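In: one predicted model, sequence on top.
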Number of protein chains: 2
Amino acid sequence: MKFMKIPAATITRLSIYSRALEGLVTEGVPVVSSKKLAELCGVNPAQIRKDLAYFGQFGVRGVGYYVKELLFDIKKILGLNKQWNLAIVGMGNLGCALMAHENFTKQGYRFVAAFDNDPMKVGLKLATGLPVHAVSDLAAMCAEQDAEIGVICTPADVAQDIANKFVDAGVKGILNFAPTQIQVPKGFKVENVDFTVKLDNLAYHLTSV
Amino acid sequence: MKFMKIPAATITRLSIYSRALEGLVTEGVPVVSSKKLAELCGVNPAQIRKDLAYFGQFGVRGVGYYVKELLFDIKKILGLNKQWNLAIVGMGNLGCALMAHENFTKQGYRFVAAFDNDPMKVGLKLATGLPVHAVSDLAAMCAEQDAEIGVICTPADVAQDIANKFVDAGVKGILNFAPTQIQVPKGFKVENVDFTVKLDNLAYHLTSV
DNA sequence: AGCCCTATGTGACTTGCCTCACAAAAACAG
DNA sequence: CTGTTTTTGTGAGGCAAGTCACATAGGGCT
């Protein structure tokens, strides 16, 4: 396959495929067809084949895909064959909940530093044993711990400020839970996790029916 | 404007516009142009005008949009001019954090029932005063409290089961925080909040650069 | 070894969304 | 009252993404 621009949606789906494949691995299923996998993921079978075609040939015609191999390959494509170091700012309810959440650690994501503005929280030890640092130490700590991804769990009004600090600290990407659109330099990657927007989507669809 | 299918992305953006407009309201800005609003939201100005055009005419040529009016209109479009009753299942770290989160209550979303499978948690009172019910009471409680949207904060392996119960209970939509693709009857609306996928997106982009 | 069956990989088509560009409209100034 | 300026509303064009359909290739059975 020649050089093609890969749709963002393809990457998102690869992540979903990888989760479905993990389920199949634990079930001991050795082989899966694009049809079967498509059902599990709620997409079109051709979509799966096309998504994979961007990166090479992974299946066997007349058979399907070997589950373990495909999972390995997808993880490699996504860059999940390494540990990713996360730094998190905002140790409120949500921030603490995220740090305790299994899904992060399961996939090779690891929190290496935690920050908060509240002087009452600075110095406390979290359940994971990680201490809470002052935001003023962000750059230094991120460098020391080699943090690669910044996680923002602050209120919306300080999110941009934290984002700037992350950018300056040399972090490569940001996962933003604050309900604001963050401005970052070109080439810098931000992913927003915005459940308010999702709820509004629900509200709209339930209203207009 | 004639009857057109409205893109899903438009609804998502309307939600983002509404947040930006709220910011402008608190700043006391009376009027905003599509250009200015577009900057705040990180989109194309024509996009904003087109999005709004699906629902009518809201601006004044040569002037722009009256912030308060537009905000009111968008909220009405999204169905945010009413209270939405939420029922939540899975009172782990994440579930509790969500219930305490200000963004829900701010926009007219209200938790009316909470559930958990863990017998140790059933009967406890949450910080909001709401008691935790057993999942077996889900249908009854949802009906009694007129829950309209179900929120799933359980581990992935029970998410589908809970979703089925929500569907049976007559809830109209589901906000799913569990990292699984949930199957629901046609016409039923599910929104997934999936930070694992977002992280994987980051990992991919940071890897391939 | 040859045939059949199954499921992939992929070119062509279709759909849907976004951007561009401009005409229509409203306010304000002279 | 007319001209100028500004910014909306929208038709047309372009691009990206998803779906369809089929040729291709591999495995298994006789």
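Out: Thanks, I have it. These numbers were taken from a predicted model, which means no experiment stands behind them. Numbers count the residues shown, from 1 in each chain, chains lettered A, B, ... in the order given.

In: who touches stretch A:24-34?
Out: Applying Cβ atoms under 8 Å, 6 or more residues apart in numbering or on different chains, the external contacts of stretch A:24-34 come out as A:21, A:40, A:45-46, A:48-49, A:59, A:63-68, A:70-71. No exception for glycine: its C-beta is placed from N, CA and C like everyone else's.

In: endpoint to endpoint, it covers what distance?
Out: One end of stretch A:24-34 to the other measures 13 Å (Cα to Cα, to the nearest Å).

In: give the next helix or strand downstream of the least confident helix or strand in chain A by mean pLDDT.
Out: Using mean pLDDT, DSSP states H and E, helix A:102-106 stands out as the lowest-scoring helix or strand of chain A, at a mean of 84. The helix or strand immediately downstream of helix A:102-106 is strand A:109-116, counting by DSSP states H and E.

In: using CSV, write out every CA atom in that next one.
Out: Taking C-alpha atoms only, strand A:109-116 is exported to CSV below (Å, rounded to 0.1, in the frame of the first residue of the first chain):
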residue,chain,number,x,y,z
TYR,A,109,0.3,3.7,31.2
ARG,A,110,2.0,4.8,34.4
PHE,A,111,1.6,7.9,36.6
VAL,A,112,5.0,9.2,37.5
ALA,A,113,4.0,12.6,39.0
ALA,A,114,0.9,14.3,40.5
PHE,A,115,0.3,18.0,41.1
ASP,A,116,-2.2,20.3,42.7
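
In: average pLDDT for that strand, rounded please.
Out: Averaging pLDDT along strand A:109-116 yields 97.

In: same question for stretch A:69-82, mean pLDDT?
Out: pLDDT averaged over stretch A:69-82 gives 97.

In: what's the answer for stretch A:179-192, then?
Out: Averaged across stretch A:179-192, the pLDDT comes to 92.

In: the strands in chain A, which residues?
Out: A:31-32, A:65-66, A:84-89, A:109-116, A:132-134, A:149-152, A:173-176, A:189-192 (DSSP state E).

In: so A:Gly123 sits right up against A:Val132, yeah?
Out: Yes. Using Cβ atoms under 8 Å, A:Gly123 is in contact with A:Val132, at 6.5 Å.

In: between these two, which one's more packed in?
Out: When neighbours are counted by other Cβ atoms under 10 Å in any protein chain shown, A:Gly123 and A:Val132 differ, and A:Val132 comes out ahead with 20 against 11.

In: if I pick that one, what's in contact with it?
Out: Residues in contact with A:Val132 (Cβ under 8 Å, 6+ apart) are A:91, A:114-116, A:121-126.

In: which pair in the residues you listed spans the largest distance?
Out: Greatest spatial distance in those: A:Phe115 and A:Lys125, 14.0 Å, computed using Cβ to Cβ.

In: the least confident helix or strand of chain A close to chain B?
Out: Yes. For helix A:102-106 and chain B, the contact criterion (Cβ under 8 Å from any Cβ of the partner chain) is met by A:102-104.

In: can you check stretch A:183-194 too?
Out: Yes. Applying Cβ under 8 Å from any Cβ, one finds that stretch A:183-194 is in contact with chain B at A:183, A:189, A:191-193.

In: go through the residues you listed and give me the one with the most neighbours.
Out: A:Val193 (23 neighbours).

In: how about it, what does it touch?
Out: A:Val193 touches A:175-177, B:193, B:195, B:198, counting by Cβ under 8 Å, 6+ apart.

In: may I have the phi/psi pair for it?
Out: Backbone torsions of A:Val193, given as degrees, to the nearest 10, read phi -110, psi 110.

In: all helices for chain A, in order.
Out: For chain A, the helices defined by DSSP state H cover A:8-27, A:34-41, A:45-53, A:67-78, A:93-100, A:102-106, A:138-145, A:156-168, A:195-208.

In: dump these to a markdown table, plus mean neighbour count and distance to DNA strand D.
Out: Below are these laid out as a markdown table (neighbours: other Cβ atoms under 10 Å in any protein chain shown; distance: least, Cβ to the nearest atom of the strand, whole Å):
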| stretch | mean neighbour count | distance to DNA strand D |
| --- | --- | --- |
| helix A:8-27 | 18 | 3 |
| helix A:34-41 | 18 | 9 |
| helix A:45-53 | 17 | 4 |
| helix A:67-78 | 19 | 13 |
| helix A:93-100 | 21 | 28 |
| helix A:102-106 | 15 | 24 |
| helix A:138-145 | 16 | 31 |
| helix A:156-168 | 18 | 24 |
| helix A:195-208 | 21 | 17 |
